[in-house]
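K.L.:
from the sequence below, what's the structure:
(chains A, B, C and D)
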There are 2 protein chains.
Amino acid sequence: MSKKRDDITAAAERLLYREGFGTVGIDRIVGEADVALGTFYRHFPHKEDVIVAALLHREAAYMTALEGEPAQPRGAEAILSLFDRLLDWAEASDRNGCFFLRAAGEHAAPGPIRKAALAHKQRMLRLVTARLRLGGWDNVAADRLAPTIFVLLEGAVAAAFTLGDRRAVAAAKDTADLLLASDPGAPA
Amino acid sequence: MSKKRDDITAAAERLLYREGFGTVGIDRIVGEADVALGTFYRHFPHKEDVIVAALLHREAAYMTALEGEPAQPRGAEAILSLFDRLLDWAEASDRNGCFFLRAAGEHAAPGPIRKAALAHKQRMLRLVTARLRLGGWDNVAADRLAPTIFVLLEGAVAAAFTLGDRRAVAAAKDTADLLLASDPGAPA
DNA sequence: CAGCTTATAGAACGATCGTTCTATTTGCTC
DNA sequence: GAGCAAATAGAACGATCGTTCTATAAGCTG
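P.N.:
Okay, here's the model as predicted:
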């Protein structure tokens, strides 16, 4: 709705992701967004609020990036394409780990930040489940396979960050392929 | 060497892991360790120093916990037992994500903290490689399989945290089992 | 133009943070 | 017991942080 609000959210996401929640102050965000301090506090009464907005903003972009391309993927491709999109995403942004994992870890107190961060992971698990169904797995098989695919995605993100190369994502994709191919519930 | 130093390190590890690097101040660490402020600064001239000490302390405990039990595991058990130990570890400590991943993410500036955190991941990859060799895989097969096992371990840690149950670790273990069993380089 | 919302620059506040300092005491070793 | 390193309690510092406030300027709608 508000241009300024969006500018602030985007700047916050960039800085918080790149440098950390504790490191980045509001003055930095205000500077990066090129808005006045008063404008910031008009839109976000507390720092907590802008962090939540940054999380939601990044989540939307991330989920959209993951689901691009094959509109009606067949079979395993519904899952395997997620790893390809993940690789694109990881190579486009500066890799600094999973924003949501970090947000939850650095904000142990129950509250909007932790809630938003953990909710994203639940939505990711649901996204994987939905993709399995899209690929042709029945509901039971999808629910059974989703946690493993989720683990592979989480591991791929983490390892791509810490090892710094694309091997990890490729390894995760290959493993997903093996898993799906060897599963008795594979679609025709 | 120094009892006080160890007390401070242990207190810092506990607090920093549970509550985050930005949230916990030195006064909190000093309070938890029950030492005077001057004692703290005698042992750790900068906050950075105590963070690095906390990382190394946790790493030592973690790696030790992972390698417990079957002294000479045979075949896949060399790897699969890692997931069992990981489950024990995750259920013993308050789950708040991977300490090292968080440390690296929240300290983007190159420096001792990021270095220690990322070095741990390299050591984990080496640990996995060594376990594969211990299980009977030759060097080539071990190097090929290690990144995937590493991804599964990373994914298990992350998912155990965000999903909050043990399903994730079990799923990762089963996948490792499948992977190792279906690999052509499996030991006799 | 009037009137209202929004944005601006910047000072200012209280709290907290990492760090330093002082003065005193404890505990070990010669 | 002398001497010295280590630990204590606590005040104090400058910097930074999140937040509030004031005063002024744009920008849009009637």
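
K.L.:
give me every residue in chain A lying close to DNA strand C.
P.N.:
A:2-5, A:34-39, A:42-43 (Cβ under 7 Å from any atom of the strand). All C-beta spots, glycine's among them, are computed from the backbone N, C-alpha and C.

K.L.:
what's the closest of those residues to chain B?
P.N.:
For the residues of chain A next to DNA strand C, the residue nearest chain B by Cβ to the nearest Cβ is residue A:37; the value is 21.0 Å.

K.L.:
DNA strand D contacts on chain A?
P.N.:
Counting by Cβ under 7 Å from any atom of the strand, chain A sits next to DNA strand D at A:25-27, A:37-38, A:41, A:45-48.

K.L.:
of the residues of chain A next to DNA strand C, which is the nearest to residue A:114?
P.N.:
Nearest to residue A:114, judged by Cβ to Cβ, of these is residue A:43 at 22.0 Å.

K.L.:
enumerate every residue touching the closest one.
P.N.:
Contacts were defined as Cβ atoms under 8 Å, 6 or more residues apart in numbering or on different chains; by that measure residue A:43 touches A:2, A:4-5, A:8, A:50.

K.L.:
again with residue A:51
P.N.:
Residue A:51 sits next to A:12, A:16, A:21, A:103, A:107, A:113 when contact means Cβ under 8 Å, 6+ apart.

K.L.:
any low-confidence regions in chain A?
P.N.:
Low-confidence segments of chain A, defined by pLDDT under 70, are located at A:1, A:70.

K.L.:
helices of that one, start to end?
P.N.:
A:3-19, A:26-33, A:37-43, A:47-66, A:77-92, A:99-106, A:112-135, A:139-163, A:167-182 (DSSP state H).

K.L.:
ok, residue A:133 touching residue A:139?
P.N.:
Yes. Using Cβ atoms under 8 Å, residue A:133 is in contact with residue A:139, at 6.7 Å.

K.L.:
alpha carbons of stretch A:176-188, as PDB, please.
P.N.:
Listed next in PDB are the C-alpha coordinates belonging to stretch A:176-188 (Å, rounded to 0.1, in the frame of the first residue of the first chain):
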ATOM      1  CA  ALA A 176      15.500 -36.900  -3.400                       C
ATOM      2  CA  ASP A 177      15.500 -38.500  -6.800                       C
ATOM      3  CA  LEU A 178      16.700 -41.800  -5.400                       C
ATOM      4  CA  LEU A 179      14.100 -41.600  -2.600                       C
ATOM      5  CA  LEU A 180      11.200 -40.900  -4.800                       C
ATOM      6  CA  ALA A 181      12.200 -43.500  -7.400                       C
ATOM      7  CA  SER A 182      12.600 -46.300  -4.900                       C
ATOM      8  CA  ASP A 183       9.300 -45.500  -3.100                       C
ATOM      9  CA  PRO A 184       6.600 -48.100  -3.600                       C
ATOM     10  CA  GLY A 185       3.900 -45.400  -3.700                       C
ATOM     11  CA  ALA A 186       5.400 -43.800  -6.800                       C
ATOM     12  CA  PRO A 187       2.800 -42.500  -9.300                       C
ATOM     13  CA  ALA A 188       2.400 -44.200 -12.700                       C
END
